[in-house]
Structure formats: structure tokens, C-alpha cells
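[1] only geometry, no sequence info:
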DNA sequence: TCCTCTTGCTACAATAAACGTAGCAATACG
DNA sequence: CGTATTGCTACGTTTATTGTAGCAAGAGGA
């Protein structure tokens, strides 16, 4: 049994056992910084862990690493040696659904 | 100054002051149960607070009320007397972007 | 080699968020 | 009056996130 650091616990995605993938996905994306990370890696951007941290308002590296581990395990993000973190094919596909969300956000903020 | 119960603190959406609506939206939706709530209220469904709680795996009413307050303040959810919680026009519009996400989740789970 | 820099990643104590149980006030029945 | 349901909150415990610091490994350069 491998030793577990504080950042590599709780790998299970809530709802992943229910046979309802959407629940697992909503849970994964509903964790702090998940959506933001995918957003920051848009347009084939490759960011190092520290560049990503800067992009995410200097969020704590502890959570970021946790989210990155989860996203990598989920096959949405990958770490390319000498390059940085980037979206996988599946991750890019997921991001496609964020574009209209961006436009929606503009309209939404005006309606407040 | 009105009294504040434990469930009505922290109304500020992170990033809402940055002038980047997408950040505020990602933050709001990135809180636990936010995405799920919108999901459960899909298809013009109206759910009472307790029905919604059942739909959300009996999540704690404390968070659910907090999320509902935030989503209502954001104009995405409304409470119709004698009917229950439901998506507003804006909320329904937001949900439209979740439909492809549903199909994506199916493919995603198979790729794991 | 040694020094310096950057990388990905982790420890750890403190704070904030979420959980679970219980229950209140208001409303609507009978 | 009882009873049941509604939206919502109190509160003590557990879990997640934060912030600061730093480690080990790798890539140069001197």
C-alpha cells in the first residue's frame, strides 16, 4: 500500500457508483477551481503548474494539485513533460461547451 | 443592520469585482450542489425544498438553502409560492448548455 | 563539479465550507 | 384544535480549502 500524502486522498468522484455519469461529472466539475482550470487551459494553452496558479488568482497549490490529479485521472487534462498542463482531446471537447457559457455570462451579468 | 443567520453569509461571488462575468459565473457554479440543483430543475420542473433535497442525495439543507439563495440572487432560480423552486428564463437558458454536457458525460464515462 | 533556477509536488497549521440532526414559524388542511 | 407540509435556520462535527513554506529532481551555466 502506497503512502498517501494529504493531496492524494479522496479520489472517488461522488456519484460515480450510481451509474449516472452526469452526476459524476457534475460533482467533479463542481469542486473548487475545476471549472476555472479547464477555462484557463482553453485554446490549446499549455501552462506550468505555477503559471496555472498565477492564472487562478494565486490559489493554493494544494487544491490545484488535487484538482489537477482528479482532472488527469478523469482524462480531461494531461501533463506533457517540458511543456506543462493541457487539455486532452476529451478535455477540449468538454471546453467546447464552455464557449456559449462565456457569452451567457456576459448577458447574465448585465441582467443583474 | 439585519441579523445574519449562518446560512446567509458570504453573498459575494468571487471574481465578481474583476469585471469578468465568466469568472463570477464559474465561481458560482463551482460551488457544491450548484450545478446539480440546476440539473435537477431541468425541464421546467418545480421542486419543493425537500423534494429538491431528495433529488440531491439528501444533501444537507444548510448548503442547499445557501446555494438556492445564491442562485435566486443571481436570477437563475426562483421560488414560486405554492409550487416550489424552478428555473427562471435565464436559468433555463443556462441549462441549455448542460444538455450537450449530458451526452458528453456518457461518452466520457465510457472512456474511463 | 557547484551554483542557480525552474519544474511538479507536498507538509502542516489555520480557516472556511459542508454535513447531519434537530427543530422553529408559518401555512393549510381536517 | 391536531396534524402535516412548507421554507428555512441552529449548531456541533467533519471535511475541504487556504496560505506559507519547502523538498527533490531536472536543466542549464560557470
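    Sure, I can see it. Keep in mind the model is a prediction, meaning the values are calculated, not measured.

[2] Look up how far DNA strand D lies from residue A:29.
    11 Å (Cβ to the nearest atom of the strand, to the nearest Å). C-beta here means a position set from N, CA and C on the backbone, and glycine is covered the same way.

[3] nope, residue A:97 is what I was after
    21 Å.

[4] Give me the pLDDT for that residue.
    If you check residue A:97, the pLDDT there is 83.

[5] ditto for residue A:91
    Looking at residue A:91, its pLDDT is 96.

[6] For the nearest residue to it once chain neighbours are set aside, grab the count of nearby residues.
    With sequence-adjacent residues excluded and distances taken as Cβ to Cβ, 6 or more residues apart in numbering or on different chains, residue A:91 is closest to residue A:76, at 3.9 Å. Burial of residue A:76 is recorded as 26 neighbouring residues (other Cβ atoms under 10 Å in any protein chain shown).

[7] Return the residues in contact with residue A:76.
    A:38, A:87, A:88, A:90, A:91, A:94, B:108 (Cβ atoms under 8 Å, 6 or more residues apart in numbering or on different chains).

[8] Give me the distance between it and residue A:69.
    12 Å (Cβ to Cβ, to the nearest Å).

[9] cool, residue A:94 as well?
    17 Å.

[10] Which one's more surrounded, these two?
    residue A:94 (23 against 14).

[11] which stretches of chain A form strands?
    In chain A, the strands defined using DSSP state E lie at A:77-80, A:84-87.

[12] contacts for the last one?
    Same thing as strand A:84-87. Contacts for strand A:84-87 (Cβ under 8 Å, 6+ apart): A:38, A:41-42, A:44-49, A:51-52, A:68, A:76-80, A:94-95.

[13] quick revisit: so of the strands of chain A, which one's packed in deepest?
    Stretch with highest mean neighbour count among those: strand A:84-87 (a mean of 20; mean count of other Cβ atoms under 10 Å in any protein chain shown).

[14] Give me the distance from that one to the chain's centre.
    10 Å (Cα atoms, centre = their mean, to the nearest Å).

[15] hmm, that strand touching DNA strand D?
    No - Strand A:84-87 lies apart from DNA strand D when judged by Cβ under 7 Å from any atom of the strand; the minimum separation is 13.7 Å.

[16] what mean pLDDT does that strand have?
    Computed over strand A:84-87, the average pLDDT equals 97.

[17] Can you pull the residues of chain A lying near DNA strand D?
    A:9, A:10, A:31, A:32, A:33, A:58, A:59, A:60, A:61, A:62, A:63, A:66.

[18] And residue A:103, what's its pLDDT?
    89.

[19] and the gap between it and residue B:94?
    As defined by Cβ to Cβ, residue A:103 lies at a distance of 11 Å from residue B:94.

[20] That concludes my questions; thank you for your assistance.
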